[in-house]
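Q: A predicted structure for the sequence below; I have some questions about it.
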Amino acid sequence: MGRATWFDADGTKRGGWTDEEDQKLVAYINEYGIGDWRFLPRKAGLQRCGKSCRLRWLNYLRPGVKKGKFTPEEEEAIINFQSILGNRWAAIAQQMPGRSDNDIKNHWNSCLKKRLERNGIDQMTHQPIINLAVKIPSFNIDCGNSSSSTVSPSPSFSSSGSASLLNRLATGISSREHGVDRIKNILSDPRTPIITSQEEEFEESNKDHGKALAGDDQEDDFLMWDEENMRRFMDEIGQMDFETNGVYNSSSSSPYSVYETGLLDD
DNA sequence: AAGTGAAGCAACCGCGGCGTT
DNA sequence: CAACGCCGCGGTTGCTTCACT
């Protein structure tokens, strides 16, 4: 697969990479490290531009890059992360070791997005995730979004903590109209990590959190989800230990601790 | 078996952010 | 502080493979 090779006016090679080029690039980086992409191609004996080398290394040659089909767990994770982070593929890739942002982006654009559409799911708002709260009981929080009239949380609480986190984030901020404070609330919620079926405890704590969340009904309490807030949110996310906060739960059977959404059913 | 469209994948392009001068 | 250049990211394109008719 890939593209046919050709040469720029300045002699720079473009298009598909050959095995020989791959070997040269890998051998050079293994010996000298990456350094400056500008000069790397010439030093490595390649007629490529630095950008092309970087892309090839990150998406294909880098150690640990996972190739091949995405597992259902990975697909679920992509959908969930996408609902939280939007099309920030690099950020999503950070949560999925072994998968490059390009790989994830391609899979989303070529497969997952269409599959969601086929199932009548809005790829931007991920509305069915809200319905999912009904299908698979996970939390008992009214997200307080007056625009999300379909939210009808179940009284039970049985999914994993990370699933709950994703579920709550997905349902709560999918429209990206909510503020960082709200998200921080969710992420810092002690109920979030690896929750078991401790329904009573949840119900108890929900009383307090319910008060906080009740305020969410007032639109004025929301910070607008603008670029600045998104950047701050990303900073917060990046600094968090996902193992303890539940988004990435290595003890789970699935590395992404996702839950059955049924969104990918064909 | 051949034609055709869809799906999947690899790579390019353009832009914005950020560091340096 | 403005100008410049590089890097990284997201969108898009182009090619190959697969599935269906």
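A: Right, received. Where do you want to start? Every value quoted in this text rests on a predicted model; they were computed, and no experiment measured them.

Q: Skipping its backbone neighbours, what lies nearest residue A:52 in space?
A: residue A:14 (7.1 Å; Cβ to Cβ, 6 or more residues apart in numbering). C-betas here are computed from N, CA, C, even on glycine.

Q: neighbours of residue A:99, just the number please.
A: 23 (other Cβ atoms under 10 Å).

Q: With residue A:92 instead?
A: 22.

Q: Then residue A:4?
A: Count around residue A:4 with other Cβ under 10 Å applied: 7.

Q: Per-residue pLDDT of it, please?
A: With respect to pLDDT, residue A:4 scores 75.

Q: How about residue A:193?
A: 33.

Q: Residue A:16 too?
A: On the pLDDT scale, residue A:16 is placed at 85.

Q: repeat for residue A:25
A: For residue A:25, pLDDT reads 90.

Q: Do a quick rundown of the helices in the stretch 1-150 of chain A.
A: A:19-32, A:40-44, A:50-56, A:72-85, A:89-94, A:101-107, A:113-118, A:127-135 (DSSP state H, counting those that start in this stretch).

Q: just those helices: most buried one?
A: Ranked by mean neighbour count, these are led by helix A:72-85 with a mean of 22 (mean count of other Cβ atoms under 10 Å).

Q: Verify the contact between residue A:8 and residue A:14 for me.
A: Yes - Residue A:8 is within contact range of residue A:14, at 6.2 Å (criterion: Cβ atoms under 8 Å).

Q: Looking at those two, which has the bigger crowd around it?
A: residue A:14 (14 against 10).

Q: Give me the distance between the more buried one and residue A:47.
A: 10 Å (Cβ to Cβ, to the nearest Å).

Q: Need the overlap of contacts for these two.
A: Common contact partners of residue A:14 and residue A:47 (Cβ atoms under 8 Å, 6 or more residues apart in numbering): residue A:7.

Q: Identify the residues contacting residue A:101.
A: A:89, A:90, A:92, A:93.

Q: Include distance to residue A:62 when you put the helices of the stretch 1-150 of chain A into a markdown table, please.
A: Below are these laid out as a markdown table (distance: least, Cβ to Cβ, whole Å):
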| stretch | distance to residue A:62 |
| --- | --- |
| helix A:19-32 | 9 |
| helix A:40-44 | 14 |
| helix A:50-56 | 9 |
| helix A:72-85 | 18 |
| helix A:89-94 | 12 |
| helix A:101-107 | 11 |
| helix A:113-118 | 26 |
| helix A:127-135 | 32 |
